[in-house]
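Peer 1: mind folding the following:
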Amino acid sequence: MRVAIVILNWNGRSYLEKFLLSVVQNSKGASIYVADNASTDGSVDFVEGAFPNVGIIQNGGNLGFAGGYNAALRNLDEEIFVLLNSDVEVTENWLLPIVELMTADASIAACQPKILQYDGKDRFEYAGAAGGFIDKFGFPFCRGRLFETLEKDAGQYDLQREVFWATGACLFVRRSVYNEIGGLDDDFFAHMEEIDLCWRMKRAGHKVMVEPRSVVYHVGGGTLSRSNPWKTFLNFRNGLELLAKNLPKRQLIPTLIARMMFDGVAALKFLLSGQSKDFWAVFKAHMAFYGRLGKTLKKRKGHYPILSGIYQKSIVFDYFLRGRKTFSKLPSDKF
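Peer 2: Modelled structure (predicted):
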């Protein structure tokens with residue numbers, strides 16, 4: 001199948017200078033594009049001069065992750081899209097295992113490689129590690145990463161398997177399914193939009209996989225560091241919208257109420273820790289969620305089956321109160 005690797009860029013010239021060569025050298029047979037969200041740092045000029053065979057797609061403004069990719073992918077016709085962060089170093093055999101897997105099984109809509117840290121190549125990286133899951137309250141975690149605990153990679157998660165979500169840092173998606181379900185949700189702008197995409201794919205009957213034979217190294221926090229009030233706002237607002245869009249109707253209200261209580265505790269923790277900007281970011285996130293709740297609920301469509309891959313316990317309680325700091329410590333019968 002034909003593959004399009006699309007690197008979304010916003011003022012990330014330094015990452016393109018550092019990592020684009022690895023993509024070009026290790027992606028034989030694939031088309032490579034840089035989709036630019038109206039950068040002002042000379043990114044486009046750099047790519048045009050240094051990599052004339054890399055296609056350039058210029059978006060009309062900073063459309064965020066979701067809007068930027070939707071605009072960039074709209075006119076591409078390759079069968080597989082690879083949404084790749086600009087701060088990722090790929091390895092020699094990163095494409096083939098996943099392309100072969102998706103070619104052999106038409107039910108697979110999305111897949112990710114194993115994601116390790118660029119600056120610590122023996123440890124999993126925060127953004128995706130070895131495949132993502134959520135708990136029953138919508139909190140995301142990964143094989144290899146629970147909250148801030150990043151495990152050392154000792155091959156413990158090298159099994160190819162179905163997961164609940166695949167990371168947007170390096171996300172392989174089947175074009176036909178991406179278009180079928182309407183792509184990423186522009187309203188998310190950035191953060192958790194790939195979880196929403198994968199949840200909708202699974203609700204439509206497709207599979208999301210991780211293929212650890214493919215390995216990439218991710219810097220992480222390339223655009224926003226994890227400690228950032230704007231990122232706090234996006235994560236808390238989008239976490240609520242994720243649930244409002246995708247939960248079965250009978251679970252919707254009780255789960256949202258419980259999630260709001262968790263968010264209240266998190267906001268109080270920010271305040272007591274002197275992070276007043278993050279405290280207000282949580283408050284603003286909830287106000288934004290309520291303000292467009294009607295619009296969000298109108299997006300509810302399709303089937304709402306009971307899905308595997310949702311951890312039927314609280315990852316917050318397990319991690320902070322029960323001391324379960326690694327994925328392997330979680331009871332497997334609760335997924």
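
Peer 1: run through the stretch 101-250 of the chain and note the low-pLDDT ranges.
Peer 2: Within the stretch 101-250 of the chain, the segments meeting pLDDT under 70 span 221-227.

Peer 1: now the strands for it?
Peer 2: Using DSSP state E, counting those that start in this stretch, the strands assigned to the stretch 101-250 of the chain run over residues 108-117, 132-135, 140-142, 145-146, 149-150, 161-162, 170-174, 207-218.

Peer 1: for residue 331, see how far away residue 312 is.
Peer 2: In this view, residue 312 and residue 331 are 9 Å apart by CB to CB, to the nearest Å. Where C-beta positions appear, they are placed from N, C-alpha and C, glycine not excepted.

Peer 1: follow-up on the earlier one: format the strands of the stretch 101-250 of the chain as TSV; extra columns: distance to residue 297.
Peer 2: Converted to TSV, those look like this (distance: least, CB to CB, whole Å):
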stretch	distance to residue 297
strand 108-117	24
strand 132-135	20
strand 140-142	22
strand 145-146	31
strand 149-150	35
strand 161-162	29
strand 170-174	26
strand 207-218	25
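
Peer 1: which of these sits most buried?
Peer 2: Comparing these by mean neighbour count (mean count of other CB atoms under 10 Å), strand 108-117 comes out on top with a mean of 27.

Peer 1: got the angle between that strand and strand 170-174?
Peer 2: 170 degrees (axes from the mean of the first three to the mean of the last three CA atoms, to 10 degrees).

Peer 1: tell me which other helices or strands strand 108-117 touches.
Peer 2: If contacts are counted by 3 or more CB pairs under 8 Å, 6 or more residues apart in numbering; DSSP states H and E, strand 108-117 sits against helix 96-104, strand 170-174, helix 175-180, helix 193-203, strand 207-218.

Peer 1: who are the packing partners of the fourth one?
Peer 2: For helix 193-203, the elements it packs on are strand 108-117, strand 132-135, strand 207-218, helix 229-246, judged by 3+ CB pairs under 8 Å, 6+ apart.

Peer 1: quick one: neighbours of residue 58, just the number.
Peer 2: By the measure other CB atoms under 10 Å, the count of residues near residue 58 is 13.

Peer 1: from what I can see it touches residue 36, true?
Peer 2: Yes. The pair residue 58 and residue 36 qualifies as a contact (CB atoms under 8 Å) at a distance of 5.3 Å.

Peer 1: overlap in contacts, the two.
Peer 2: Residues touching both residue 58 and residue 36 by CB atoms under 8 Å, 6 or more residues apart in numbering: residue 44.

Peer 1: angle of the longest helix anywhere in the chain against helix 229-246?
Peer 2: Taking DSSP state H as the criterion, the chain has its longest helix at helix 249-272. Between the axis of helix 249-272 and that of helix 229-246 there is an angle of 170 degrees, by the same axes, to 10 degrees.

Peer 1: quick one: list the elements packing against helix 249-272.
Peer 2: On a contact count with 3+ CB pairs under 8 Å, 6+ apart, helix 249-272 meets helix 229-246, helix 276-291.

Peer 1: and stretch 35-54, how far out from the chain's middle?
Peer 2: Per CA atoms, centre = their mean, to the nearest Å, the displacement of stretch 35-54 from the mean C-alpha position of its chain is 24 Å.

Peer 1: now that stretch: mean pLDDT?
Peer 2: Confidence over stretch 35-54 (mean pLDDT, whole number) is 97.

Peer 1: burial of the closest residue to residue 246 other than its chain neighbours, as a residue count?
Peer 2: Closest residue to residue 246 apart from its sequence neighbours, by CB to CB, 6 or more residues apart in numbering: residue 199 at 4.6 Å. Neighbour count of residue 199, defined by other CB under 10 Å: 25.

Peer 1: ok, residue 199 touching residue 164?
Peer 2: Yes. Counting by CB under 8 Å, residue 199 does reach residue 164; the two are 7.5 Å apart.

Peer 1: list the residues that contact both of those two?
Peer 2: Applying CB under 8 Å, 6+ apart, one finds that residue 199 and residue 164 are jointly contacted by residue 307.

Peer 1: residue 256 against residue 242, yeah?
Peer 2: No. Applying CB under 8 Å, one finds residue 256 not in contact with residue 242, separated by 10.7 Å.
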